[in-house]
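>>> Predicted model follows, preceded by the sequence.
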Amino acid sequence: LIEDIAYTMDVYNDAAKRALYHFNNQFMFDEVQAEVNLAFDQLIFAISDETYTYYKDMAACYNLPVGYKSRVEAAKKAAVGTKSVRRHNIPVNQRNLQLLGRSVDLNLLISQHTSNKLYADIETAVKRYEGSDLSHICELQSILSVLRTTHEYLSSSGIALDSFDAMVDVVNESVGTTSVRGRIAMHTLVTLVTDLFPNYSYNVYTQRYVRSLVPPPNRTGRTGNTPSHPRGNMGYGAMCKEMYESIDKRTRGFVGTEHFKAAISVLGKQCLPLLIEECMNNLEERLIDVDSYLKAMKEGLPPVKLPKYMFKTGGCYGIFEGLLKQFIGYEDLKPEVFQNFREVGNTLLFLRDLSDLIDLEDSH
């Protein structure tokens, strides 16, 4: 039992007492002390890992969508998303453990190990997002939500931790008083400018960006190769990992309103001015690039009169196709002019959707 595991160290107290007072053997005592140092380190690691895993699974179960866990358990006919209650707070709150004449603060040691694991978990989540496209920001939001709940459970059990926002700021490298260019914000901005705007097309009916089947020439975007899922108790943990993976799959392969909501939630409104400013700068660059092409095409455009109604649709199309044949064969038309048009349109639509979401949140 986890609540009684620390008492097993009393056997070393008895062995040390026998070595000193019964056998009067300093060498035997030194051997006991050396084994205690090794065993105690392993004990602290085991308690910390078990405690972190337990509360991580509890947090993951708590953050599952309402009704989803019950449906999965009903389908599998097993309590796959239910964690049995265990009293981890008993060894965690031991502050005066007597070991070979020393008083050991078990709470302090467990807190240090647990804090390191939480920092590593946040780092893993951010690195995974940095190796993915913008469609994985919903997954980042979900993992951070689970980790925030895990932090609350650990703190309520008696483990001393920094505030969760402070831990995220340290990992995100946005700890400065005026710093807004954290790792998450910069990666989001890079994926917008180098991947979403040039490589996606906007569907007005679903209001989603979908990746184009034909990549634009001379453009380097993300390949979409996502790092593998974290192992062990990292990420969502071992118990609910499969359920969360099935949920995350529903938000991949496209970018839409749910991803922009996740971006606002993860980045915070303080990062939105930077995001909008950089998008406007990129928009200005695209307009400058296409301006010279448009001026040249305008000068070479022949005078065109509207064809008569009697030619119908096919005839009218043929007339315009003949007049604009030289433009259709222009080698820079698609890779430069049309591509810049796509990026300009995607940028404007992104800013529109982002503005609508901000107005909606402010209204609530």
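Arrived safely, thanks for sending. Numbering: from 1, shown residues only.
>>> Same question for the longest helix anywhere in the chain: list its buried residues.
For the chain, the helix with the greatest residue count under DSSP state H is helix 26-62. Within helix 26-62, the residues scored as buried using 16 or more other C-beta atoms under 10 Å are 28-29, 32, 36, 40, 43-44, 47-48, 50-62. C-beta coordinates here come from the backbone N, C-alpha and C atoms, glycine included.
>>> That helix packs against which elements?
helix 10-17, helix 89-92, helix 106-130, helix 137-156 (3 or more C-beta pairs under 8 Å, 6 or more residues apart in numbering; DSSP states H and E).
>>> Most tightly packed of those helices?
Highest mean neighbour count among the helices and strands packed on helix 26-62 (mean count of other C-beta atoms under 10 Å): helix 137-156, with a mean of 21.
>>> Could I get the CA-only coordinates of it as PDB?
Below are the C-alpha coordinates for helix 137-156, written out as PDB (Å, rounded to 0.1, in the frame of the first residue of the first chain):
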ATOM      1  CA  ILE A 137      -3.200  23.500 -31.100                       C
ATOM      2  CA  CYS A 138      -6.500  21.900 -29.900                       C
ATOM      3  CA  GLU A 139      -4.400  19.000 -28.600                       C
ATOM      4  CA  LEU A 140      -2.000  21.400 -26.900                       C
ATOM      5  CA  GLN A 141      -4.900  23.200 -25.200                       C
ATOM      6  CA  SER A 142      -6.300  19.800 -24.100                       C
ATOM      7  CA  ILE A 143      -3.000  18.600 -22.600                       C
ATOM      8  CA  LEU A 144      -2.400  21.900 -20.800                       C
ATOM      9  CA  SER A 145      -5.900  21.700 -19.400                       C
ATOM     10  CA  VAL A 146      -5.200  18.200 -18.000                       C
ATOM     11  CA  LEU A 147      -1.900  19.400 -16.600                       C
ATOM     12  CA  ARG A 148      -3.500  22.300 -14.900                       C
ATOM     13  CA  THR A 149      -6.000  20.000 -13.200                       C
ATOM     14  CA  THR A 150      -3.100  17.700 -12.300                       C
ATOM     15  CA  HIS A 151      -1.400  20.700 -10.700                       C
ATOM     16  CA  GLU A 152      -4.500  21.500  -8.700                       C
ATOM     17  CA  TYR A 153      -4.800  17.900  -7.400                       C
ATOM     18  CA  LEU A 154      -1.100  17.700  -6.500                       C
ATOM     19  CA  SER A 155      -1.300  21.000  -4.700                       C
ATOM     20  CA  SER A 156      -4.400  20.000  -2.700                       C
END
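>>> thinking again about what came up before, weakest of the helices and strands packed on helix 26-62 in terms of mean pLDDT?
Across the helices and strands packed on helix 26-62, helix 89-92 has the smallest mean pLDDT, namely a mean of 76.
>>> chain center to the helix or strand just after that helix: distance?
Moving toward the C-terminus from helix 89-92, the next helix or strand (DSSP states H and E) is strand 97-99. Here strand 97-99 is found 41 Å from its chain centre; the criterion is C-alpha atoms, centre = their mean, to the nearest Å.
>>> who's in contact with strand 97-99?
For strand 97-99, contacts defined as C-beta atoms under 8 Å, 6 or more residues apart in numbering pick out 6, 9, 12, 13, 36, 40, 103, 104, 105, 106.
>>> ok, the fourth one - contacts?
Residue 13 makes contact with 98, 99, 100, according to C-beta under 8 Å, 6+ apart.
>>> Any quick ChimeraX command for the buried ones out of these?
To isolate the buried members of those in ChimeraX, using 16+ other C-beta under 10 Å:
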select :99,100
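>>> Same list as before, the contacts of residue 13 that is, but in a markdown table and with pLDDT and distance to residue 336 included.
Shown next, in a markdown table, are the contacts of residue 13 (pLDDT from 0 to 100; distance: C-beta to C-beta, whole Å):
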| residue | pLDDT | distance to residue 336 |
| --- | --- | --- |
| 98 | 81 | 77 |
| 99 | 81 | 73 |
| 100 | 83 | 76 |
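>>> Identify, from the contacts of residue 13, the entry nearest to residue 190.
residue 99 (51.4 Å; C-beta to C-beta).
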